[in-house]
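Chemist: Next one to model:
(one chain, ligands or ions: 2)
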Amino acid sequence: MQTQSTCPTCSKGTLPSKEGGELQRTVVAAAGAIALVKIFRALSSRGIVDQKLSRKLVHILAGPGFALCWPLFSTEPNARYFAAIVPFLNLLRVVALGTGVIDDPKTVNAMSREGDRAELLRGPLYYVLVLLGATLVYWRESPVGVAVFSLMCGGDGLADIVGRRLGKTHKLPWNASKSWAGSGAMFLGGSAMAIAFVALFCTLGYFECDMAVMATGIAAIAFIATLIESLPINQKLDDNISVPGVVALLGFLLRKALIAA
Ligand SMILES: Nc1ccn([C@@H]2O[C@H](COP(=O)(O)OP(=O)(O)OP(=O)(O)O)[C@@H](O)[C@H]2O)c(=O)n1
Ligand SMILES: C/C(=C\CO)CCC[C@H](C)CCC[C@H](C)CCCC(C)C
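Modeler: Residues are numbered from 1 along each chain as shown. Ligands and ions are numbered 1, 2, ... in the order given. A predicted model of the protein is given here:
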């Protein structure tokens, strides 16, 4: 897996940069974030979507939705910083909502298990910090960043939705609160999202990819991340920290082993 940019074609797949164009992309992505949360605020407040499901759907969709905006930004070296404004603004929003500076119970409900605003200062806060870090550290230059948000969003998010519905019987021997179904969904969902984004970014020329090598590396990382997520530790260490953290560590340790042949 080509984990560092020798990216001669990073110019492919991005809109030509023009004066002020970068900030316009930031506004588009920020507007998307506002729209996503507003949609689930409306659905959960009307009882159309269960609150726990609403939270998880926002969790699953926000990260990949943001990453799909990355090709909008130019090849300018500072493009990632304009993109990073979006998770940073959402960091401020989450803190304002979680501390009560902004009093908006319906939005809190859309992003929390039980409607407790203090909850936003844990999972959601860590979530936007991970997206901020992935944008600044990895950007479009390393598939490790793709794996980081994919396992957090597509993996951990799906584990909850599938596990709550299909994991009522066959629980994990080492963690009775989690199930084979949930962990299987985490592995498959996280791997699929990561491989899809890596294939997209390869097509756009961000990575030089041997997809067989890339897919093998992603599957190995997803398997270990799934094991970590299955451990009974999320009362002490939030999954939004442990999953992205182990993926980033594995991506760093495996960077040489996974460089495409
Ligand atoms: N590998 C997994 C993960 C989750 N679940 C199901 O999903 C529920 C919520 O999972 P958990 O990760 O504990 O969710 P939260 O901590 O609420 O969510 P988050 O990770 O966003 O903090 C669990 O009780 C379980 O029913 C599962 O069956 N198997
Ligand atoms: C409830 C959540 C996590 C708990 O595990 C997710 C919180 C989501 C954030 C509040 C909103 C994040 C928005 C993204 C940074 C940008 C999304 C833009 C895109 C166009 C949808």
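Chemist: Can you name the residues that contact residue 244?
Modeler: 130, 134, 148-149, 151-152 (Cβ atoms under 8 Å, 6 or more residues apart in numbering). C-beta: built from backbone N, CA, C; applies to glycine.
Chemist: nearest to residue 118, of those residues?
Modeler: residue 130 (19.6 Å; Cβ to Cβ).
Chemist: does the closest one sit in a helix or strand, and which one?
Modeler: Under the criterion of DSSP states H and E, residue 130 resides in helix 123-137.
Chemist: next one: residue 199
Modeler: Counting by DSSP H and E, residue 199 is found in helix 180-203.
Chemist: what does this structure put close to ligand 2?
Modeler: 29, 32-33, 36, 55, 58-59, 62, 65-66, 69, 86-87, 90, 94, 111, 123-124, 127-128, 131, 240 (Cβ under 6 Å from any ligand atom).
Chemist: So which of those sit within helices?
Modeler: 29, 32-33, 36, 55, 58-59, 62, 65-66, 86-87, 90, 94, 123-124, 127-128, 131, 240 (DSSP state H).
Chemist: and ligand 1, which of those reach it?
Modeler: Okay, of these touching ligand 1 (Cβ under 6 Å from any ligand atom), that's 59, 123.
Chemist: Can you pull up the residues of the protein that come close to ligand 1?
Modeler: Checking the chain against ligand 1 by Cβ under 6 Å from any ligand atom, the hits are 59, 113, 123, 156, 159-160, 163-164, 167, 177-179, 182-183, 186, 229-230, 234, 238-239.
Chemist: how many other residues sit next to residue 93?
Modeler: Other residues lying near residue 93 total 21 when counted by other Cβ atoms under 10 Å.
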